[in-house]
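[1] Give me a model of this one.
(chains A, B and C)
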Amino acid sequence: MTARRGPTRHSFKLPGVSLSLREPILNWYAEKARDLPWRRPDATSWGILVSEIMLQQTPVARVLPAWEAWLRRWPTPADLAAEPPGEAVRQWGRLGYPRRALNLHACARRIVAEHGGEVPSRYEELRALPGVGDYTAAAVASFAFGGRHVVLDTNVRRVLARAVQGVRYPARATTAAERRIAESLLPAVDAPRWAVAVMELGALVCTARSPRCADCPIIDRCAWRLAGCPDHDGPPRRGQAYAGTDRQCRGRLLAVLRQAHGPVPKAALDAAWDDPVQRERALDGLVADGLAEVLEDGTYRLPG
DNA sequence: CACCCGTGGTA
DNA sequence: TTACCAAGGGT
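    Predicted coordinates:
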């Protein structure tokens, strides 16, 4: 039999391509990694959890100042847990997806109530926290506690899609095949460093739009590259419409509440969006989601 | 599983 | 300018 040696016992489309992805990527990371505050040795597990929640669908550049301000105000879960949820929503500012602020606040209260004020270290415990899904649980367990987990975010998925699967973009949803590939590459030792290194490669070099292949440490073994960089086949990737949507409307309404420091009369909200039907729907949605409150006098405010 | 959930930067 | 995209999660 042909002795195919490598970090994996699985065979991919192009066997051997994944032969040694780890070393060059780890070496590249050692040289090119960004100095992000949540990666510093003095970062707390709480700080790392906060960073992961903030980074959900929000670019690093916008998270940086928000993260600094958040941790300056609430250095520990107990500090945040002592505040009403509305303060978290206000501090969240314009990071987007404000339910994440609510999630972080709920995390803080649960951590205080159920974990003695310390961010739990095990994947399963983390996964049970509000707003902590598969990726975030794996990331915090890895980066804050040194655990060995498959960390599959959009960056890693794209790198593996190209380097191993030979396609420009990963599938819309994570597949079993992807997870198998990621598991096969997971090193026995120093798994967190590997995870952050692949993520960094995806973020800085193997980017979605125009990858900087000239700077890539694995250009000579990238399956997509070796296949001639074939274009994405399959249905076009659905964009996210925004203008005129309920999401935009909710954003406008919440901005009014965030800006005010007390209850807001309904008229102030009415002025923020023209279409009354959509406006009422959005407002009801905000209340249902716990992002806004109606007081008895009919005024609105962030949750107290 | 497809869709919903904010916001801003970039090609 | 429009469209895509950004360390996802919940339903």
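[2] What separation is there between the residue of the stretch 201-304 of chain A found nearest DNA strand B and residue A:282?
    At 1.6 Å from DNA strand B, residue A:251 is the closest residue in the stretch 201-304 of chain A, using C-beta to the nearest atom of the strand. C-betas here are computed from N, CA, C, even on glycine. Per C-beta to C-beta, to the nearest Å, residue A:251 is found 9 Å from residue A:282.
[3] Within range of DNA strand B, give me the residues from chain A.
    Within chain A, the positions near DNA strand B by C-beta under 7 Å from any atom of the strand are A:57-59, A:61-62, A:94-99, A:172-173, A:209-210, A:238, A:240, A:242, A:245-248, A:250-252, A:254-255, A:285, A:291.
[4] picking up where we left off before, distance of the residue of the stretch 201-304 of chain A closest to DNA strand B from DNA strand C?
    12 Å (C-beta to the nearest atom of the strand, to the nearest Å).
[5] Over to residue A:301?
    23 Å.
[6] quick revisit: drop anything exposed from the residues of chain A next to DNA strand B.
    Buried members of these, scored by 16 or more other C-beta atoms under 10 Å, are A:95, A:97-99, A:247, A:250-251, A:254, A:285, A:291.
[7] with the residues you listed in mind, which one is nearest to DNA strand C?
    Looking across these and measuring by C-beta to the nearest atom of the strand, the closest to DNA strand C is residue A:97, at 5.2 Å.
[8] What does the residue nearest to the closest one when sequence neighbours are not counted show for phi and psi?
    Spatial nearest neighbour of residue A:97, excluding adjacent residues (C-beta to C-beta, 6 or more residues apart in numbering): residue A:57 at 6.3 Å. As for residue A:57, its main-chain torsions (degrees, to the nearest 10) stand at phi 70, psi 20.
[9] Then residue A:293?
    Note on residue A:293: backbone dihedrals following degrees, to the nearest 10 are phi -130, psi 140.
[10] Would you agree residue A:108 falls within a helix?
    Yes: the assignment for residue A:108 by DSSP: H, G, I helix; E, B strand; the rest coil puts it in a helix.
[11] wouldn't it be in contact with residue A:87 here?
    No: contact between residue A:108 and residue A:87 fails when scored by C-beta atoms under 8 Å: they sit 11.1 Å apart.
[12] ok, the two, which is more surrounded?
    Using other C-beta atoms under 10 Å as the criterion, residue A:108 and residue A:87 rank with residue A:108 on top: 27 against 18.
[13] For the stretch 51-200 of chain A, which residue gets nearest to DNA strand C?
    For the stretch 51-200 of chain A, C-beta to the nearest atom of the strand, closest residue to DNA strand C: residue A:133, 2.5 Å.
[14] what residues are up against the nearest residue in space to that residue that is not next to it in sequence?
    The spatial neighbour of residue A:133 that comes closest, neighbours along the chain excluded (C-beta to C-beta, 6+ apart), is residue A:127 at 7.4 Å. Residue A:127 sits next to A:133-134, A:137 when contact means C-beta atoms under 8 Å, 6 or more residues apart in numbering.
[15] gap between residue A:49 and residue A:124?
    15 Å.
[16] Please say which of these two ends up with more neighbours.
    Per other C-beta under 10 Å, whichever of residue A:49 and residue A:124 has more neighbours is residue A:49, with 27 against 9.
[17] Put the alpha carbons of the helix or strand containing that one into PDB.
    Per DSSP states H and E: residue A:49 is located in helix A:45-54. Extracted in PDB, the C-alpha atoms of helix A:45-54 (Å, rounded to 0.1, in the frame of the first residue of the first chain):
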ATOM      1  CA  SER A  45     -11.300  34.600  31.200                       C
ATOM      2  CA  TRP A  46     -14.100  37.200  31.500                       C
ATOM      3  CA  GLY A  47     -12.200  39.500  29.100                       C
ATOM      4  CA  ILE A  48     -11.900  36.700  26.600                       C
ATOM      5  CA  LEU A  49     -15.600  35.800  26.900                       C
ATOM      6  CA  VAL A  50     -16.500  39.400  26.400                       C
ATOM      7  CA  SER A  51     -14.300  39.600  23.300                       C
ATOM      8  CA  GLU A  52     -15.800  36.500  21.800                       C
ATOM      9  CA  ILE A  53     -19.300  37.700  22.200                       C
ATOM     10  CA  MET A  54     -18.400  41.100  20.800                       C
END
